[in-house]
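Enquirer: take this sequence and fold it.
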Amino acid sequence: MKIVCIKYGDKFSFEHVNRLYKMVKKNFKEKFDFYCHTENSEKINEAVKIVPLPKEWEVYKTEDYPYWVKLHSFFEKPTKETTIYFDLDIVIQNDITHLSKYCVNNKICFVKAYWKPHFHLKIPQAPNYDMDLNASVMIWKGDCTWAWKKFKENLNHYALMYNGTDPYLHHRHFGRLNWLPRGEVYSRLYGIDENDYYNPYDPNSKVRYHYNKDYKICIFNGWKRKKHKDGTYKLDDDGYKGLEKYFKDPSMINLEDNTMDLDFFKRIRYLCWDNDDLYKQILDSFSPSQFKSKLNLIKMLDNLNVINEKTDIAVFGCWFNSTIGSLLHNRVNTITGYDVDSQAIHIGKKLFENISNIKFKKADIFKFGQHKKKLDNIDIIINTSCEHMKPLKEWSYWNLIKNKTIFALQSNNMFHIKDHTNCVKSIEDFIKQLPSKFKVISTDEVTLKDGIRFTIIGKYEKSNL
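Expert: Numbers count the residues shown, from 1 in each chain. Sure thing, here's the model as predicted:
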């Protein structure tokens with residue numbers, strides 16, 4: 001099974017690709033390969049297979065690539081595998097494993113717009129050739145090269161005649177199409193079916209967002225395209241409000257209602273079964289002092305407004321990454337933990353095996369080796385284990401990071417703890433362990449049962465930048 005998408009130009013970002021992949025992984029229960037056809041693969045999930053866009057289409061690009069890149073990318077050659085295409089702005093709400101059963105050899109299966117009764121059984125007319133099929137989801141197998149060959153024969157004519165893939169295929173190849181039945185797909189802007197819809201051609205029809213929890217897929221046709229008279233979009237990012245549960249991971253630890261995700265708890269219990277030492281270590285990683293100090297660090301970062309869905313974080317000396325990972329994974333793009341302890345890396349991977357954006361690498365940060373190549377992609381570096389390692393001014397990779405990368409650092413004055421080899425007596429002592437080009441933004445101290453935890457938030461400013 002192949003599942004494909006296409007990202008070109010600037011309308012969609014890597015976030016949309018990664019979000020779609022996450023939803024497919026959650027809701028497609030059989031084995032699949034996920035492909036993204038794109039001219040820019042930066043920050044796309046490593047599990048996504050990249051297919052470069054044909055170079056020839058760059059000459060047609062203005063603000064965006066032309067819509068027929070989709071026809072060329074997917075229908076230039078026959079395929080032996082069932083292939084499902086999704087637009088990047090859709091939301092997958094429920095299990096979609098069964099979609100492959102709608103595939104008919106040598107035909108393309110479309111979305112039927114049951115929410116457009118005003119176009120049922122009507123022949124598309126110029127200039128828009130509007131109709132009741134939609135290409136936000138397509139399913140095919142076999143030889144569908146007819147879709148591209150016909151278009152290619154008279155490309156400039158068809159490009160001017162039709163404003164999208166759907167009207168072209170409907171008008172020119174209707175007999176080679178089939179469509180999904182009711183109950184599978186609805187439109188966030190345009191509606192569910194003939195009993196609940198928005199008709200943009202009817203002045204009395206009111207714009208509102210539609211929702212049906214039992215449908216499998218919600219499409220966002222018209223997203224950041226159709227506008228009100230005042231210039232605002234009828235459907236923009238506000239349309240995703242209320243649907244976040246389908247594409248955002250739930251918090252593994254919810255501080256608002258003091259709950260823990262049940263699957264996360266089960267993994268902890270499973271890992272600790274018959275292993276008292278590991279049980280104590282994992283419990284210690286969630287101790288009140290650990291939580292209090294790391295919550296304080298996150299609060300300080302939040303005060304700078306530097307954490308968002310595009311943020312890539314590296315955690316040095318991550319241990320199991322239990323608190324930082326569980327508190328931040330659903331707010332950022334990626335979290336990569338680095339630690340020299342093989343067992344800690346192994347346990348961390350098991351704890352977060354269902355969270356695709358948390359990764360672990362076995363590495364001594366002072367001997368980074370191949371991992372140093374990744375440093376220029378990091379936005380925030382967190383190190384809450386400074387008391388366990390050499391002073392960071394001895395770290396030899398400062399010039400490999402992005403200029404003004406944010407650092408969130410913690411140490412303490414708990415000299416009595418055996419594994420603490422580099423404690424500090426004060427914030428001032430802590431700052432002395434940093435390079436001269438490190439600019440301190442904010443500092444704080446948290447008094448705990450065994451001592452004081454010192455926090456420094458800052459950035460490294462490279463010269464001449």
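Enquirer: burial count for the closest residue to P435 other than its chain neighbours?
Expert: Nearest non-adjacent residue to P435, counting by CB to CB, 6 or more residues apart in numbering: K393, 4.6 Å away. (Each C-beta comes from the backbone N, C-alpha and C, glycine too.) Neighbour count for K393, taken as other CB atoms under 10 Å: 13.
Enquirer: phi, psi for K393 please.
Expert: Here is the backbone geometry of K393 (degrees, to the nearest 10): phi -70, psi -10.
Enquirer: how much space between it and L375?
Expert: Distance of K393 to L375, computed by CB to CB, to the nearest Å: 17 Å.
Enquirer: returning to what we had before: could you check the pLDDT of the residue nearest to P435?
Expert: pLDDT recorded at K393 is 95.
Enquirer: quick check, it in contact with I431.
Expert: No - if you go by CB atoms under 8 Å, K393 and I431 don't touch, sitting 10.2 Å apart.
Enquirer: mean confidence score for stretch 205-218?
Expert: Stretch 205-218 comes out at a mean pLDDT of 94.
Enquirer: please list the residues outside it that contact it.
Expert: Identification of contacts with stretch 205-218 by CB atoms under 8 Å, 6 or more residues apart in numbering yields 27, 86, 90-96, 99, 115, 137, 183-192, 196-199, 228, 234-235, 239, 242-243.
Enquirer: what do you get for stretch 418-431?
Expert: Against stretch 418-431 from outside (CB under 8 Å, 6+ apart): 386-391, 409, 411-415, 433, 440, 443, 445, 454, 456.
Enquirer: got it, and stretch 354-367?
Expert: 18, 21-22, 25, 45, 47, 249, 252, 263, 316-318, 321, 325, 329, 332-342, 345, 348-349, 352, 369, 371, 383, 389-390, 394-396.
Enquirer: just the buried residues out of those residues, in PyMOL syntax.
Expert: Entered in PyMOL, the line below selects the buried ones among the contacts of stretch 354-367, by 16 or more other CB atoms under 10 Å:
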select buried, resi 18+21+22+25+45+249+252+316+317+318+321+325+329+332+333+334+335+336+337+338+339+345+348+352+371+383+389+395
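Enquirer: in strands, which of the contacts of stretch 354-367 fall?
Expert: 316, 334-339, 383 (DSSP state E).
Enquirer: what bridges to the closest residue to I324 other than its chain neighbours?
Expert: Once flanking residues are discounted, I324 sits nearest to V315: 5.5 Å by CB to CB, 6+ apart. Note on V315: beta-bridge partners G337, I382, judged by DSSP bridges.
Enquirer: show me what contacts V315?
Expert: By CB under 8 Å, 6+ apart, the neighbours of V315 are 321, 324-325, 335-338, 381-384.
Enquirer: could you single out the nearest of those residues to Q125?
Expert: Set against Q125, the nearest of these by CB to CB is I335 (52.5 Å).
Enquirer: just list the residues touching that closest one, thanks.
Expert: 313-315, 321, 324-325, 328-329, 357-359.
Enquirer: same thing but 7 Å
Expert: Counting by CB atoms under 7 Å, 6 or more residues apart in numbering, I335 touches 313, 315, 324-325, 328-329, 357-358.
Enquirer: inside helices: which ones of those?
Expert: 324-325, 328 (DSSP state H).
Enquirer: where does the residue nearest to D87 when sequence neighbours are not counted fall, secondary structure wise?
Expert: Leaving aside its chain neighbours, D87 sits nearest to S136 (4.2 Å; criterion: CB to CB, 6+ apart). Using DSSP states H and E, S136 maps to strand 133-142.
Enquirer: which elements pack onto the very next helix or strand once past that strand?
Expert: Where DSSP H and E defines the elements, the next helix or strand beyond strand 133-142 is helix 146-153. Using 3 or more CB pairs under 7 Å, 6 or more residues apart in numbering; DSSP states H and E, the elements in contact with helix 146-153 are helix 69-75, helix 165-173.
Enquirer: and A126, which of the ones you listed is closest to it?
Expert: helix 165-173 (9.8 Å).
Enquirer: what packs against the closest one?
Expert: Packing partners of helix 165-173 (3+ CB pairs under 7 Å, 6+ apart): strand 133-142, helix 146-153.
Enquirer: deepest-packed of the ones you listed, please.
Expert: Mean neighbours per residue, mean count of other CB atoms under 10 Å, is largest over the helices and strands packed on helix 165-173 for strand 133-142, with a mean of 23.
Enquirer: got the contacts of I335 as a markdown table, with distance to I219 columns?
Expert: As requested, the contacts of I335 are exported to a markdown table (distance: CB to CB, whole Å):
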| residue | distance to I219 |
| --- | --- |
| I313 | 32 |
| V315 | 37 |
| I324 | 36 |
| G325 | 33 |
| L328 | 31 |
| H329 | 27 |
| N357 | 25 |
| I358 | 30 |
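Enquirer: just give me the closest of the residues you listed to C5.
Expert: Closest to C5 out of these is N357 (18.0 Å), distances taken as CB to CB.
Enquirer: for the helices and strands packed on helix 146-153, which one sits closest to I282?
Expert: helix 69-75 (46.6 Å).
Enquirer: any idea how far the closest one is from the chain center?
Expert: Put simply, helix 69-75 sits 24 Å off its chain's centre (CA atoms, centre = their mean, to the nearest Å).
Enquirer: surely I381 is in contact with D312?
Expert: No - judged on CB atoms under 7 Å, I381 makes no contact with D312 at a distance of 10.0 Å.
Enquirer: more crowded one of the two?
Expert: More crowded of I381 and D312, by other CB under 10 Å: I381, with 21 against 16.
Enquirer: and the more buried one, what's its pLDDT?
Expert: In the predicted model, I381 carries a pLDDT score of 97.
Enquirer: quick one, what contacts it?
Expert: 314, 316, 405, 407.
Enquirer: do the same with V48
Expert: Counting by CB under 7 Å, 6+ apart, V48 makes contact with 17, 21, 34, 36.
Enquirer: same check on N413?
Expert: Counting by CB under 7 Å, 6+ apart, N413 makes contact with 423-425, 451-452.
Enquirer: repeat the analysis, applying 8 Å as the threshold.
Expert: 423-426, 451-452, 454 are the contacts of N413 under CB under 8 Å, 6+ apart.
Enquirer: run through who's touching the top helix by length along the chain.
Expert: Ranked by number of residues, the top helix in the chain under DSSP H is helix 288-303. Contacting residues not belonging to helix 288-303 are listed as 255, 284, 307, 323-324, 327-328, 380, 382, 384, 406, 408, 410, 442, 444, 446, 448-450, 453, 455, 457 [CB under 8 Å, 6+ apart].
Enquirer: now, of those residues, which are buried?
Expert: Neighbour-count burial (16+ other CB under 10 Å) is assigned, among the contacts of helix 288-303, to 307, 323-324, 327-328, 380, 382, 384, 406, 408, 410, 444, 446, 453, 455, 457.
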